[in-house]
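Participant: pasting a predicted model and its sequence here:
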Amino acid sequence: MRARNALFAIPLALGLVACGTGSDGDTGGGRRPVRTAPGTEVTVADVGLGSILVDGKGRTLYAFTKDKEAASNCDAECIAVWPALTSPAPATAGQGVRRSLLREAKQSGGAVHVTYGDWPLYYYVGDTAPGDVNGQGLDGEWFAVAPDGKLVRKAA
């Protein structure tokens with residue numbers, strides 16, 4: 001008799017667990033809502049160079065003059081010093097940023113690099129605080145980007 005009750009109780013318990021209560025955000029049909037990370041924010045800050053693009057934390061964004069048509073030419077050694085601005089979702093245009101210029105470009109290796117106009121955007125590891133522009137003009141190839149998508153060639 002016990003074995004027979006156990007055989008009946010197991011499928012019943014599994015069925016109840018499978019039904020659940022729906023109180024954990026389940027939308028029914030056994031599917032949970034898809035949650036995506038917010039896109040990286042690009043905004044504008046006014047620093048000693050004038051108005052330039054920065055990320056949501058105020059870190060300066062740079063362009064590399066060897067990049068062409070939104071394709072990065074920054075190799076692994078370069079990326080170690082100039083990390084790419086990437087985003088898990090489409091980047092968000094903050095105050096002063098032209099949404100029409102803000103895009104993403106898939107790079108070799110599958111990374112999604114945030115671009116502005118035709119410029120992939122990068123950070124500089126030598127910038128340690130919001131508003132730093134220590135990478136400005138380095139090697140004559142790295143420049144902050146203005147809200148109009150042009151490079152800021154003014155010295156820091």
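Facilitator: Noted; the coordinates are in hand. None of the values given here were measured: they were computed from a predicted structure.
Participant: point out where the protein drops to low pLDDT.
Facilitator: 1-37 (pLDDT under 70).
Participant: mind listing the strands for it?
Facilitator: Using DSSP state E, the strands of the chain run over 41-47, 50-55, 62-64, 92-93, 102-106, 112-116, 119-120, 142-144.
Participant: could the ones you listed be laid out in a markdown table, adding distance to residue 134 and mean neighbour count?
Facilitator: All C-beta spots, glycine's among them, are computed from the backbone N, C-alpha and C. Shown next, in a markdown table, are the strands of the chain (distance: least, CB to CB, whole Å; neighbours: other CB atoms under 10 Å):
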| stretch | distance to residue 134 | mean neighbour count |
| --- | --- | --- |
| strand 41-47 | 12 | 18 |
| strand 50-55 | 13 | 21 |
| strand 62-64 | 10 | 24 |
| strand 92-93 | 26 | 17 |
| strand 102-106 | 24 | 17 |
| strand 112-116 | 20 | 23 |
| strand 119-120 | 19 | 27 |
| strand 142-144 | 10 | 23 |
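Participant: residue nearest the centroid of this protein?
Facilitator: Taking CA atoms, centre = their mean as the criterion, residue 87 is the residue nearest the geometric centre of the chain, at 1.5 Å.
Participant: find the nearest non-adjacent residue to it, please.
Facilitator: residue 40 (3.8 Å; CB to CB, 6 or more residues apart in numbering).
Participant: measure the one you found to residue 65 for me?
Facilitator: Residue 40 is 23 Å from residue 65, where distance means CB to CB, to the nearest Å.
Participant: who's more crowded, those two?
Facilitator: With neighbours defined as other CB atoms under 10 Å, residue 40 and residue 65 compare such that residue 40 has more, 21 against 14.
Participant: isn't the more buried one up against residue 90?
Facilitator: No. In this structure, residue 40 is not within contact of residue 90 by CB atoms under 8 Å, at 9.1 Å.
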